[in-house]
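In: Please work out how this folds:
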Amino acid sequence: MTVTKGIFPVAGLGTRFLPATKAQPKVMLPLVDKPIIHYVVEEAVQSGIEDIIFVTGRGQAAIENYFDLSFELEEFLRTKNKTGELEQLNGISNLINPCYIRQKAAKGLGHAILVARHLVENEPFAVFLGDDVIDSRIPCMRQMLNVYERYHCSVVALQRVERAQTPSYGIVKPRQIDERLFQVLDMVEKPSPEEAPSDLAIIGRYLLTPEIFQELADTAPGKGGEIQLTDALRRLLKRQAVYGFIFEGTRYDTGDKIGFLKATVEFALRRSDIGEDFRAYLKALAL
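Out: Predicted coordinates:
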């Protein structure tokens, strides 16, 4: 079955970026001149995901407004004959077929996915975490779809991390199939370095079969009183195989201040309009 739907859980409070996130969603913070979420949505579109389901929370109307038409602004640009800017805005509003649903309480990633169950029904679907921006020649989700089309099982994106970082991730116990592909034998949510079964961490891309919904519904709240997707995936392992794939590309954790700054600098340096001047500025600053 073709995967056409993607869930974007964006209801987080963004506490690591306060006070900036007091009045705007964290995923709307800009990397140069586009919000974080735009880059992630572009990955979905380039991977063939047509229907985007945003799971939002209170105070996140900015996400809806961003992907909607802006009549007043577009009319202003039209009267000023700013055709380039107008085409850019039209490209954003025509980028996706969006749907918005509210997660009424912060009960974890698993709960956020479960909220969208009736919109996905009995189809496989993708999950994109807005904090993770992945720069790659072939979109990360497209790479994962290639695995899904071969095995027709759930696939999680993997990245090797330092042992000291394992308490920040879900870590898998793997059985290697080839250089980048593993069968997941087990997974542990945020283990200590001593308890971690490997150095392979799950990052913010998932390709899930619809059976995960029942497992989420049957999963009791775990760490922090939240419904953990990792716990539901462990339950799914008893029914179906789950694969892990080390994607090709560079992942930027924009949910972390240092990760956000690194992404901003590197994306700016790649720009044809400002990259050269910005590089010169950084060189002068380093002297």
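In: switch to C-alpha atoms for all contacts and neighbour counts from now on
Out: Noted.
In: just how off-centre is stretch 186-206 within its chain?
Out: Computed by CA atoms, centre = their mean, to the nearest Å, the chain-centroid distance of stretch 186-206 equals 18 Å.
In: So for that stretch, mean pLDDT?
Out: Across stretch 186-206, pLDDT averages out at 93.
In: Give me the contact list for that stretch.
Out: Stretch 186-206 has contacts (CA atoms under 8 Å, 6 or more residues apart in numbering) with 126-132, 141, 154-174, 230-231, 234, 237.
In: got it, and stretch 62-69?
Out: Residues outside stretch 62-69 that contact it (CA under 8 Å, 6+ apart): 24-25, 28, 90, 92-96, 98, 100.
In: again, 7 Å this time
Out: For stretch 62-69, the surrounding residues in contact (CA atoms under 7 Å, 6 or more residues apart in numbering) are 24, 92-93.
In: same check, this time on stretch 21-33
Out: Stretch 21-33 is contacted from outside by 14, 35-37, 60, 62, 130-131, 264, 268, using CA under 7 Å, 6+ apart.
In: quick one: which of the residues you listed is most hemmed in?
Out: The residue in the contacts of stretch 21-33 with the most neighbours, by other CA atoms under 10 Å, is I37 (26 neighbours).
In: Look at the nearest residue to it once chain neighbours are set aside and say how many residues are nearby.
Out: Leaving aside its sequence neighbours, I37 sits nearest to V27 (CA to CA, 6 or more residues apart in numbering; 5.2 Å). By other CA under 10 Å, 27 other residues sit near V27.
In: So V27 versus R58, what's the distance?
Out: Here the criterion is CA to CA, to the nearest Å. By it, V27 lies 14 Å from R58.
In: just checking, what packs against the helix or strand hosting A280?
Out: Remark: A280 resides in helix 275-286, with elements defined by DSSP states H and E. Judged by 3 or more CA pairs under 7 Å, 6 or more residues apart in numbering; DSSP states H and E, helix 275-286 is in contact with helix 257-269.
In: I would like the residues contacting the helix it packs on, please.
Out: Here helix 257-269 makes contact (CA under 7 Å, 6+ apart) with 31-32, 252-254, 274-275, 278-279.
In: returning to what we had before: buried subset of the contacts of stretch 62-69?
Out: Listed as buried from the contacts of stretch 62-69 are 24, 93; burial here means 16 or more other CA atoms under 10 Å.
In: okay, the contacts of stretch 62-69 in JSON lines with distance to L207, pLDDT and secondary structure next?
Out: Listed next are the contacts of stretch 62-69 as JSON lines, based on distance: CA to CA, whole Å; pLDDT from 0 to 100; DSSP: H, G, I helix; E, B strand; the rest coil:
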{"residue": "Q24", "distance to L207": "28", "pLDDT": "87", "secondary structure": "coil"}
{"residue": "I92", "distance to L207": "25", "pLDDT": "70", "secondary structure": "helix"}
{"residue": "S93", "distance to L207": "26", "pLDDT": "71", "secondary structure": "helix"}
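In: G48: which of the contacts of stretch 62-69 is nearest?
Out: Closest approach between the contacts of stretch 62-69 and G48, by CA to CA: I92, at 16.5 Å.
In: Sitting in helices, which of the contacts of stretch 186-206 do you find?
Out: If you go by DSSP state H, the contacts of stretch 186-206 have 141, 230-231, 234 in helices.
In: With that, I have no additional questions.
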